[in-house]
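In: kindly return the folded structure for what I paste below:
(chains A, B, C and D)
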Number of protein chains: 2
Amino acid sequence: MFDRLKASLDRLLPLTQEEFIHFVMLLKPRRLTKNEHFLRAGEICTHLAFINLGCLRYYYLKDGEEFNGQFFFEGAWVGEYQSFLTGQPAVQYFNALEDTELLVMHRSDLQQLYADVPKFERFGRVLAENVVIGSQHRTASLLFETPEERYLKLLKERPKVMERVPLHHIASYLGIKPESLSRIRKRIAENR
Amino acid sequence: MFDRLKASLDRLLPLTQEEFIHFVMLLKPRRLTKNEHFLRAGEICTHLAFINLGCLRYYYLKDGEEFNGQFFFEGAWVGEYQSFLTGQPAVQYFNALEDTELLVMHRSDLQQLYADVPKFERFGRVLAENVVIGSQHRTASLLFETPEERYLKLLKERPKVMERVPLHHIASYLGIKPESLSRIRKRIAENR
DNA sequence: TCATTTACTTAACCTGAGTTAAGAAAAAAG
DNA sequence: CTTTTTTCTTAACTCAGGTTAAGTAAATGA
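Out: From the prediction side, this is the model:
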């Protein structure tokens, strides 16, 4: 049950058996069926979630249209930072792309943990720092790569996304419409 | 000399006089003249910098063209996370848009500080968390706002950028060419 | 002070992604 | 097993932003 979590935490900060158990005690399992939401815009994000099995995406909704921000798989931590940290309503939606098993921690339990065991501040810091790096890659990609470049990079660097996520979601992630992704795929297939 | 720093730190985490002095002792002043670089792609980002006076931007270079990632003013902390944290070569360029006064802290001094005074882990965490929030706003904006919407939002929410940054840099930040920004500005002036 | 560079705008033409509409294929539901 | 829904593709047309080129104004430097 906690094997993947243990492996994931070990890469962030080494913990004693005791510390790991302390951490695990604050987690609760939560299951999502495919398409079920973990969080909706307008709600307060009260929990941070570890993906033990399955797959989530977060997206924005604008004029009735969805825009995919990111896809997450086993071993990732998810939650809306903006809401989780400030207590303001979320602007992102999180939903499951597959049946998913989460291990969730409540905001107040995490804050208590920071207060009780200062060592865990490092967990929070390293987690946030990794999110920064990922988010800045994403910004750079949207800023100066063409949709075709983004698609080829995704194909090469994140094959799991290509295998497990429908193309219309990928199009949205790339910042284009499904029709445009079809065109790009055709262009590439005919290599020109 | 440290008034602005004190005010900025107070918002991140309350420090005793002693702790503040400990922190300040690790800082060194550094001046940049207009257009001077704080960091270039390929270099290792060894310092985190507090902007005491002036203005910086970070940008990416692709096929000889600059793409502005963000603008920073007095009171902001800057540095390339990816390089600072992993020790890998930077991919971003940081340069001064005006004559600028920085207070810089070396990577190893910050790490030593984390080790010596665990309380400062919180500084690192909260700093990173704020960067996450900013970076995700930026991603969202590039993902689903039109260049015109981004321009109007910048005008409204960050007038300082409009006042202190040349339009061609703003165009690049918005993800368009200067000519397109001119068109957008004309369109807005004729309100249609 | 004069020359040069930088900043900004305008206009004509081009291009790639959006839009609309339709249909085929695969997956899910009954 | 059949129907319905979802996923994906194709094609014609539109349009915002890119490209190229030129010109004006302001800032900078010799």
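
In: contact partners for the spatially most central residue of chain A?
Out: Ranked by distance to the mean C-alpha position of chain A (CA atoms, centre = their mean), the top residue is A:Phe72 at 4.0 Å. A:Phe72 makes contact with A:51, A:55-58, A:78, according to CB atoms under 8 Å, 6 or more residues apart in numbering or on different chains. (C-beta placed from N, C-alpha, C; glycine too.)

In: pLDDT score for it?
Out: As predicted, A:Phe72 sits at a pLDDT of 95.

In: circling back to that earlier point, what is the nearest of the contacts of A:Phe72 to chain B?
Out: Ranked by distance to chain B (CB to the nearest CB), the contacts of A:Phe72 are led by A:Tyr58 at 9.4 Å.

In: any idea what that closest one is bridged to?
Out: Residues in a beta bridge with A:Tyr58, per DSSP bridges, are A:Gln70, A:Phe94.

In: now the residue nearest to the centre of chain A: which helix or strand?
Out: Assignment of secondary structure by DSSP states H and E places A:Phe72 within strand A:65-73.

In: dump that strand to PDB, restricted to CA.
Out: Extracted C-alpha coordinates of strand A:65-73, given in PDB (Å, rounded to 0.1, in the frame of the first residue of the first chain):
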ATOM      1  CA  GLU A  65     -14.100  25.300 -22.900                       C
ATOM      2  CA  GLU A  66     -11.500  23.100 -21.000                       C
ATOM      3  CA  PHE A  67      -7.800  23.900 -21.100                       C
ATOM      4  CA  ASN A  68      -5.500  21.200 -19.800                       C
ATOM      5  CA  GLY A  69      -2.800  22.400 -17.500                       C
ATOM      6  CA  GLN A  70      -1.000  19.200 -16.700                       C
ATOM      7  CA  PHE A  71      -1.300  15.400 -16.500                       C
ATOM      8  CA  PHE A  72      -0.200  13.400 -13.400                       C
ATOM      9  CA  PHE A  73       0.600   9.700 -12.900                       C
END
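
In: in that strand, what counts as buried?
Out: Using 16 or more other CB atoms under 10 Å in any protein chain shown as the test for burial, strand A:65-73 gives A:66-73.

In: and what of stretch A:162-178?
Out: Within stretch A:162-178, the residues scored as buried using 16+ other CB under 10 Å are A:165, A:169-176.

In: also stretch A:20-37?
Out: For stretch A:20-37, by 16+ other CB under 10 Å, it's A:20, A:23, A:27, A:32.

In: pretty sure the first one is touching A:Ala7, no?
Out: No: contact criterion CB atoms under 8 Å: A:Phe20 and A:Ala7 do not qualify, at 11.4 Å.
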